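Enquirer: Have a look; sequence and predicted model below, questions after that.
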Amino acid sequence: LGGSRLAFAQAARPQSAGAAGPHRVIIDTDPGVDDAFALLLAMRSPELKIEGITPVAGNVPLELTLPNALRMVEIANRPDIPVAVGARAPLMRRLVTATYAHGENGLGGAVFPEPKLKPIAESAAVFIRRIVRKYPGEVTVITLGPQTNLATALASDPELAGMIKGVTMMGGSLSGGNVTPAAEFNVYVDPEASRMVFQSGIPVTMVGLDVTRKTALTDAHVKILETAGTAVSLAAAKIARNDIDLNRRQGNSSGPNMHDSLALASFLDPSLLTWKDYYVDVETQGELTAGETLGYRPSESGLRGSAPTLAGTKTSVMLRDKFTPNAKVAVDVNSARFFDLLIGRLAGKA
Ligand code: BDR
Ligand code: CA
């Protein structure tokens with residue numbers, strides 16, 4: 001860790017928009033119902049200078065996440081924001097999608113016209129690299145899907161990690177998964193990419209299932225959005241209505257969870273959440289546990305890496321690093337305040 005990185009590790013607060021602004025962000029996303037809400041929230045937030053949006057394959061294939069992202073940009077009337085096409089598949093694995101949660105079209109079954117906006121010619125990884133190099137130390141990458149695009153950019157340019165201000169991610173969990181007992185969806189889909197991000201030295205702010213599972217969208221929220229009657233609020237309400245119905249048909253009594261919108265909101269107002277410093281690493285070898293995120297606290301000195309195998313004497317790198325924190329992890333959330341922010345901004349007049 002360099003000087004400024006160490007300062008992050010010791011600071012009380014995670015990456016955030018803070019007082020001065022607007023703040024340069026790139027939003028990497030796989031829309032996705034909660035991604036769509038996060039994108040609309042971002043585009044209604046004056047604290048952000050959105051340098052670009054980079055769709056990736058995840059909840060649904062890229063053929064759908066790309067037009068879904070373009071649709072949100074159109075609905076928010078923000079054609080000034082470039083959209084750069086991301087990866088079709090994870091770094092080293094076959095794509096697994098989540099249509100059970102987001103519907104076949106990724107928007108809970110809510111249908112919108114084909115977007116007229118087009119993506120830019122640059123790929124997402126090239127775009128991320130160019131923008132970060134243009135504004136060294138200024139850009140926060142907010143990842144709301146599998147981290148394939150960011151990992152590809154980092155792999156293409158060894159100096160890039162040192163120029164990224166921070167990564168705020170929805171992903172991971174220190175309290176069990178939602179796809180396997182161990183893994184959260186975004187990290188499960190591309191564990192190798194997430195491992196690269198956590199080991200890159202970039203200050204990471206992790207908003208995982210530990211907190212996002214405590215956020216459920218309700219019929220009352222949807223009514224507020226419908227009553228507001230703006231283009232953004234009505235689109236959000238339509239997606240929400242469809243996804244709440246889908247969620248009920250799946251037999252869930254509450255939800256859907258607003259995972260990605262909470263991660264985005266955490267950048268706008270970190271006081272919505274409670275934070276702890278962890279050294280986080282990602283399991284990539286596990287036959288049953290690939291994509292699990294493990295959190296080590298310096299104070300928990302009894303913790304160790306895995307036992308050496310008969311084939312080698314080395315334990316994992318955690319012992320070498322002595323658990324030096326690389327992430328601020330959200331451990332609790334004020335869900336009511338979060339929804340005040342989310343629904344308030346989506347229902348606000350343009
Ligand atoms: C994450 O996975 C996706 O299904 C959601 O969009 C969110 O990013 C939650 O595990
Ligand atoms: Ca997502």
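Expert: Structure received. Numbers count the residues shown, from 1 in each chain. Ligands and ions are numbered 1, 2, ... in the order given.

Enquirer: The residue sitting furthest away from the middle of the chain in helix, strand or coil?
Expert: For the chain, the largest distance from the centre (CA atoms, centre = their mean) belongs to residue 310, which lies 38.3 Å off. Under DSSP: H, G, I helix; E, B strand; the rest coil, residue 310 falls in the coil class.

Enquirer: Tell me which residues touch it, please.
Expert: Residues near residue 310 by CB atoms under 8 Å, 6 or more residues apart in numbering: none. (C-beta placed from N, C-alpha, C; glycine too.)

Enquirer: Check it and give its pLDDT.
Expert: pLDDT for residue 310: 88.

Enquirer: Which helix runs longest in this protein?
Expert: For the chain, the helix with the greatest residue count under DSSP state H is helix 231-249.

Enquirer: do that one and ligand 2 meet?
Expert: No: on the criterion CB under 5 Å from the ion, helix 231-249 is out of touch with ligand 2, staying 12.8 Å away.

Enquirer: can you list the residues that contact stretch 221-234?
Expert: By CB under 8 Å, 6+ apart, stretch 221-234 touches 40, 43-44, 75-77, 236-237, 240-241, 244, 339, 343, 346-350.

Enquirer: 10 Å instead?
Expert: Contact partners of stretch 221-234, identified using CB atoms under 10 Å, 6 or more residues apart in numbering, comprise 40-41, 43-44, 72, 74-77, 217-218, 235-241, 243-244, 258, 339, 342-350.

Enquirer: list the buried ones in the longest helix of the chain?
Expert: Across helix 231-249, burial judged by 16 or more other CB atoms under 10 Å covers 232-233, 235-244, 246-247.

Enquirer: That helix near ligand 1 at all?
Expert: No: Helix 231-249 is not in contact with ligand 1 by CB under 6 Å from any ligand atom; minimum separation 10.8 Å.

Enquirer: And the next helix or strand after that helix, how far out from the chain middle?
Expert: The helix or strand immediately downstream of helix 231-249 is helix 259-268, counting by DSSP states H and E. Computed by CA atoms, centre = their mean, to the nearest Å, the chain-centroid distance of helix 259-268 equals 8 Å.

Enquirer: any bit of helix 259-268 sitting next to ligand 1?
Expert: Yes: interface with ligand 1: helix 259-268 contributes 259, 260 (CB under 6 Å from any ligand atom).

Enquirer: pLDDT on that helix, on average?
Expert: Across helix 259-268, pLDDT averages out at 98.

Enquirer: cool, stretch 174-182 as well?
Expert: Averaging pLDDT along stretch 174-182 yields 98.

Enquirer: List of residues touching that stretch?
Expert: Here stretch 174-182 has contacts from 96, 98, 101, 173, 183-189, 206, 208-213, 257, 259, 276, 278, 280, 283, 286, 288-295, 329-331, using CB under 10 Å, 6+ apart.

Enquirer: Now the buried members of those residues.
Expert: Burial by neighbour count, judged by 16+ other CB under 10 Å, picks out 98, 101, 173, 183-189, 206, 208-213, 257, 259, 276, 278, 280, 283, 289-295, 329-331 from the contacts of stretch 174-182.

Enquirer: Cross these against strands and list the overlap.
Expert: Judged by DSSP state E, strands contain the following of these: 206, 276, 278, 280, 293, 294, 295, 329, 330, 331.

Enquirer: how about the residue nearest to residue 282 when sequence neighbours are not counted, what does it touch?
Expert: Closest residue in space to residue 282, ignoring its immediate chain neighbours: residue 195 at 4.1 Å, by CB to CB, 6 or more residues apart in numbering. Contacts for residue 195 (CB under 10 Å, 6+ apart) come out as 91, 147, 151, 187, 280, 281, 282, 283, 284, 291, 293.

Enquirer: Now render those as a markdown table, adding distance to residue 26 and pLDDT.
Expert: Shown next, in a markdown table, are those (distance: CB to CB, whole Å; pLDDT from 0 to 100):
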| residue | distance to residue 26 | pLDDT |
| --- | --- | --- |
| 91 | 19 | 98 |
| 147 | 12 | 98 |
| 151 | 14 | 98 |
| 187 | 19 | 98 |
| 280 | 21 | 94 |
| 281 | 24 | 93 |
| 282 | 21 | 96 |
| 283 | 27 | 96 |
| 284 | 25 | 96 |
| 291 | 23 | 98 |
| 293 | 22 | 98 |
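
Enquirer: Tell me which two of the residues you listed sit farthest apart.
Expert: Pairwise distances across these peak at 18.6 Å for 91 and 280 (criterion: CB to CB).

Enquirer: tell me the pLDDT at residue 2?
Expert: At residue 2, the predicted lDDT confidence score is 35.

Enquirer: Who are the contact partners of the residue in the stretch 151-300 of the chain that ligand 2 sits nearest to?
Expert: Closest to ligand 2 within the stretch 151-300 of the chain is residue 260: 4.7 Å, counting by CB to the ion. Contact partners of residue 260, counting by CB under 10 Å, 6+ apart, are 27, 29-39, 41, 59, 142-145, 169-171, 186, 207, 212.

Enquirer: taking those one by one, which sit in strands?
Expert: Those of the contacts of residue 260 mapping onto strands are 27, 29, 142, 143, 169, 170, 207, per DSSP E.

Enquirer: just to revisit the earlier point, of the buried residues of helix 231-249, closest to residue 86?
Expert: Closest to residue 86, out of all of those and judged by CB to CB, is residue 239, at 21.1 Å.

Enquirer: which one is that closest one nearest to, not counting chain neighbours?
Expert: residue 110 (4.5 Å).

Enquirer: Now do the SS call for the one you found.
Expert: Judged by three-state DSSP, the three-state class of residue 110 is coil.
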